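# Can you look at this prediction? I've put the sequence above it.
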Amino acid sequence: MDLTLWPLVSQPWTDLCAAVELVERLGWHGVMVEDHFMADGGGFGAVSDPRFEVTSVLSALAVATSTLRLAPLVMSATYRHPAVVANWAATVDHISGGRLTLGLGAGWQVNEHEQYGIGLGTPGERIERLDEYCTVVRSLLEQVSTDFTGRFFELSNARCEPKPVQPHLPLLIGGKGDRMMRLVARQADMWNMWSMPAAFSERSVVLNHACEQIRRDPATIRRSTQALVMVTDSESKAKRFIDAAGGRAAFAGTAEQFAELAEQWQIAGVDELVVPDWHLGTGARRAESLEAITAALRA
């Protein structure tokens with residue numbers, strides 16, 4: 001099972017780079033970065049927290065790294081036209097030497113859309129938009145030209161050049177509902193959701209069934225997940241952290257206990273485990289946590 005870092009994009013740029021540099025030295029698989037312009041005021045931080053923009057961050061990391069797989073987790077289909085994203089993705093794939101996975105999602109965060117005057121739509125509309133979005137992006141990245149007429153997007157003899165380095169640039173889709181699982185089965189090379197092992201296993205079965213319905217081999221979809229992580233030897237701190245998570249997927253405990261949990265995720269079918277650095281501390285403390293996680297998972 002591969003390890004991927006999710007660095008907090010509201011931390012100073014030098015700190016973000018330090019975390020990325022460390023996991024690359026430790027031999028981790030990749031880095032994923034969220035696509036939000038602000039926090040939601042709840043589980044994702046205070047609305048006043050600063051945020052670096054995802055396309056800029058990943059473009060910079062494409063130059064700053066040499067081995068890590070890079071991906072947005074995930075880009076909202078509401079913010080940017082799919083042709084703009086396809087051209088960005090192809091460019092970053094060249095900059096990185098073919099290391100980009102394009103993560104896409106339907107969008108969900110209300111305050112961003114309200115503040116910027118961007119339409120969010122109903123859940124059904126968001127999924128339909130994302131479906132069209134994936135079709136348009138895939139065609140632009142792989143076909144000479146694209147003609148498309150849908151409910152949300154219309155393209156005429158549209159081109160995207162140069163094509164990516166990768167002949168088939170992977171699309172990652174984030175989500176967990178039944179309708180999203182059917183979309184993942186149709187469109188995705190990789191799937192992601194927040195989870196603990198039992199929840200991941202249940203949703204993975206739903207995805208398998210969706211694949212079987214369209215005669216796709218479920219094994220052709222790579223699977224990833226993440227939870228909030230705190231490394232601590234204190235049982236009282238661990239309990240407070242889990243309680244504060246309010247039911248969200250979260251772990252708190254020693255690195256060895258995290259390795260035991262990671263084994264359960266792997267049994268549930270996880271190919272790539274994403275570790276947010278949000279609660280791992282800063283500076284030397286974060287480095288110690290990441291090194292401990294690495295050692296425990298390799299033991």
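Alright, I've got the coordinates. Residues are numbered from 1 along each chain as shown.

# middle-most residue in the protein, spatially?
residue 73 (2.4 Å; Cα atoms, centre = their mean).

# That one contacts residue 193, doesn't it?
No - counting by Cβ atoms under 8 Å, residue 73 sits too far from residue 193 to count as a contact (10.8 Å). Any C-beta I mention is one placed from the backbone N, CA and C, and that applies to glycine too.

# where do the helices sit along the stretch 151-299 of the chain?
178-187, 197-213, 235-244, 255-268, 283-298 (DSSP state H, counting those that start in this stretch).

# Would you tell me which one of those is buried the most?
helix 178-187 (a mean of 20; mean count of other Cβ atoms under 10 Å).

# re the thing from before, same list (the helices of the stretch 151-299 of the chain) but as CSV, adding distance to residue 22 and mean pLDDT.
Compiled in CSV, those are given as follows (distance: least, Cβ to Cβ, whole Å; pLDDT from 0 to 100):
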stretch, distance to residue 22, mean pLDDT
helix 178-187, 32, 98
helix 197-213, 27, 98
helix 235-244, 22, 96
helix 255-268, 15, 98
helix 283-298, 6, 98
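
# overlap in contacts of residue 73 and residue 193?
Common neighbours of residue 73 and residue 193, counting by Cβ atoms under 8 Å, 6 or more residues apart in numbering, are residue 174.

# hmm, back to that, of the helices of the stretch 151-299 of the chain, which approaches residue 277 most closely?
helix 283-298 (6.1 Å; Cβ to Cβ).

# which outside residues touch the closest one?
3, 5, 15, 18-19, 22-23, 26-28, 229, 231, 254-256, 258-259, 262, 275, 277, 280-281.

# got the CA coordinates for it in CSV?
Coordinates of each C-alpha in helix 283-298 appear next as CSV, following Å, rounded to 0.1, in the frame of the first residue of the first chain:
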residue,chain,number,x,y,z
GLY,A,283,8.8,21.6,12.3
ALA,A,284,10.7,18.9,14.2
ARG,A,285,7.5,17.5,15.7
ARG,A,286,5.9,16.9,12.4
ALA,A,287,9.1,15.4,11.0
GLU,A,288,9.3,13.0,13.9
SER,A,289,5.6,11.9,13.3
LEU,A,290,6.2,11.3,9.6
GLU,A,291,9.4,9.4,10.2
ALA,A,292,7.7,7.3,12.9
ILE,A,293,4.7,6.5,10.6
THR,A,294,7.1,5.5,7.8
ALA,A,295,9.1,3.2,10.1
ALA,A,296,6.1,1.6,11.6
LEU,A,297,4.5,0.8,8.3
ARG,A,298,7.7,-0.7,7.0
